[in-house]
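> Build the 3D model from these lines:
(one chain, ligands or ions: 2)
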Amino acid sequence: MAMSVFVTRRIPAEGLRVLSQASGCRVQQWDSEEPVPRAELLAGVAGAHGLLCLLSDRIDREVLDAAGPGLKVISTLSVGLDHLALDEIKKRGIRVGYTPDVLTDATAELSVALLLSACRRLPEAAQQVRSGGWTTWKPLWMCGYGLSDSTVGIIGLGRIGQAVARRLKPFGVRRFLYTGSGPKPESAAEFGAEFVPLARLAEESDFVVVTCALTPATQGMCNKDFFARMKKTSVFVNTSRGAVVNQEDLYEALAQGQIAAAGLDVTTPEPLPTDHPLLSLQNCVILPHIGSATYATRSTMAVLAARNLLAGLRGEPMPHELTL
Ligand code: GLV
Ligand code: GLV
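Residues are numbered from 1 along each chain as shown. Ligands and ions are numbered 1, 2, ... in the order given. Reported below is the predicted structural model:
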């Protein structure tokens, strides 16, 4: 079967090998660490049967039109799907593959690392050592908040949310709360987690961790009202998508001490401009969207994305296909 695929970025070699070794598969690639310029993307997909894309590629109607009716499969190197115009994709009968499960552990681990960095002020403290701010051991200096005996609120108790809770539990968390589109008794049982409305989660949590998908229902969900309900001693962590948060409201909450600290692995936009107000705050730890960034995870994601693409093109069940 002759088929052509377009890969929008340099990806781990293991994934590309799966594609280039598939018989009859002609691979075209934007072979760069930098994002494909829009014009190159539109030209690259023209006539392609398969598209392997990243979360930074907006796959909308324009791209689908540029691809033409031959496009059968879109395989994204991500668990998130908010960059894909799913309605349009469905209308055209295009199949979609993605990479859940394989990045759950790495992303949960990064969420915990970010939470600890924010609540124990690690980047700020490390900077003090370099800048000469460390003059002696001081009883009142560089104190933060610990997890022992705390209440943790998880927004989105999906695969990653559960993996975060599983990792946080041994730190001595007393109680887990969660919110989402509805109760998930089976997922919650392991942690004795209680399903609560968003407002109550904000009010009662010492730590809030956002691990939900970005959808119209979650967009801007963590806003002024939400932060105003949080405790002054609480810490907010987001490893899902930046747009779940109203960033101006978060800035105000942090600047005015309505909450103690925040850790963000995702922002709006990405990258965040280096003069962004959030970067002027000591109590905000910001990472460049590295949740799944372990060598092993990225390699596994690339192989899975390649296998999804090939299976879709061959009309076979994909290892991980989105139900549209
Ligand atoms: C990362 O954010 C992903 O969606 O895989
Ligand atoms: C801390 O280093 C202590 O000994 O209390």
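> going forward, measure contacts between C-alpha atoms and count neighbours the same way
Fine.
> Wait, a helix at Y178?
No - read with DSSP: H, G, I helix; E, B strand; the rest coil, Y178 is strand and lies in no helix.
> So for it, what's the pLDDT?
Y178 is assigned 98 on the pLDDT scale.
> Secondary structure element holding the residue nearest to it when sequence neighbours are not counted?
Spatially, and ignoring its direct neighbours in sequence, Y178 is nearest to I154 (4.6 Å; CA to CA, 6 or more residues apart in numbering). Using DSSP states H and E, I154 falls within strand 151-155.
> again, but for E248
helix 247-255.
> Stretch 281-290: end-to-end distance?
For stretch 281-290, the first-to-last residue distance is 21 Å (CA to CA, to the nearest Å).
> I meant to write stretch 44-53 there.
Counting by CA to CA, you get 11 Å between the two ends of stretch 44-53.
> Check stretch 310-324 too.
Stretch 310-324 has an end-to-end distance of 19 Å (CA to CA).
> what comes into contact with the helix holding E248?
223-224, 227-228, 259-262, 267-268, 277-278, 281, 283-284 (CA atoms under 8 Å, 6 or more residues apart in numbering).
> what's the answer for stretch 194-207, then?
For stretch 194-207, contacts defined as CA under 8 Å, 6+ apart pick out 150-153, 176-179, 182-184, 188, 208, 226-227, 229-231, 233-237.
> Next: stretch 277-286.
Outside stretch 277-286, the residues that reach it (CA under 8 Å, 6+ apart) are 114, 117-118, 121, 123-124, 251, 254-255, 260-266.
> Show me which positions of that stretch end up buried.
278, 283-286 (16 or more other CA atoms under 10 Å).
> now swap in stretch 113-124 and tell me
With burial defined by 16+ other CA under 10 Å, the residues of stretch 113-124 counted as buried are 114-122, 124.
> Next step: the residues you listed restricted to strands.
Judged by DSSP state E, strands contain none of the buried residues of stretch 113-124.
> Could you pull out the strands in the stretch 51-200 of the chain for me?
73-76, 95-97, 151-155, 175-179, 194-195 (DSSP state E, counting those that start in this stretch).
> would you list those in a markdown table and tack on mean neighbour count?
Output for the strands of the stretch 51-200 of the chain, formatted as a markdown table (neighbours: other CA atoms under 10 Å):
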| stretch | mean neighbour count |
| --- | --- |
| strand 73-76 | 28 |
| strand 95-97 | 26 |
| strand 151-155 | 26 |
| strand 175-179 | 23 |
| strand 194-195 | 20 |
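> among those, which is nearest ligand 1?
With distances scored as CA to the nearest ligand atom, the stretch of those nearest to ligand 1 is strand 73-76 (8.5 Å).
> Any residue of that closest one touching ligand 1?
No - Strand 73-76 does not reach ligand 1 (CA under 6 Å from any ligand atom); its nearest approach is 8.5 Å.
> do stretch 284-303 as well
No - using CA under 6 Å from any ligand atom, we find that stretch 284-303 stays clear of ligand 1, coming within 6.5 Å at best.
> Do me a favour and get the end-to-end distance for that stretch?
Stretch 284-303 has an end-to-end distance of 35 Å (CA to CA).
> Kindly report the same for stretch 201-217.
Per CA to CA, stretch 201-217 runs 17 Å from first to last residue.
> Stretch 57-74 too?
Distance between the two ends of stretch 57-74: 12 Å, counting by CA to CA.
> now swap in stretch 265-279 and tell me
End-to-end span of stretch 265-279 (CA to CA): 13 Å.
> so how far is that stretch from its chain's centroid?
15 Å (CA atoms, centre = their mean, to the nearest Å).
> Repeat that for stretch 245-264.
For stretch 245-264, the distance to the chain centre is 19 Å (CA atoms, centre = their mean).
> how about that stretch, does it reach ligand 1?
No - against ligand 1, stretch 245-264 shows no contacts by CA under 6 Å from any ligand atom, the least distance being 12.1 Å.
> Any buried residues in that stretch, and which?
Residues of stretch 245-264 classed as buried by neighbour count (16+ other CA under 10 Å): 245-247, 249-255, 258-264.
> and if you look at stretch 129-142?
Buried residues in stretch 129-142 (16+ other CA under 10 Å): none.
> from here on, count from 41
Will do, 41 is the new start, and the previous item becomes stretch 169-182.
> what about it, distance to the chain center?
34 Å.
> re the thing from before, for the buried residues of stretch 153-164, work out which two are farthest apart.
Using CA to CA, the two most remote members of these are L155 and E164, lying 13.9 Å apart.
> Surely L350 forms part of a helix?
Yes - when classified by three-state DSSP, L350 is found to be part of a helix.
> Relative to ligand 1, how far out is it?
Distance, L350 to ligand 1, by CA to the nearest ligand atom, to the nearest Å: 20 Å.
> can you count the residues close to that residue?
Applying other CA atoms under 10 Å, we find 23 residues neighbouring L350.
> domain parsing for this structure?
Using automatic domain parsing, the domains assigned to the chain come out as 43-140+335-353, 144-326.
> Excluding chain neighbours, what is closest to A233?
Closest to A233 by CA to CA, 6+ apart is F216, at 4.6 Å.
> who's in contact with the one you found?
Per CA under 8 Å, 6+ apart, neighbours of F216: 191-194, 205, 231-234.
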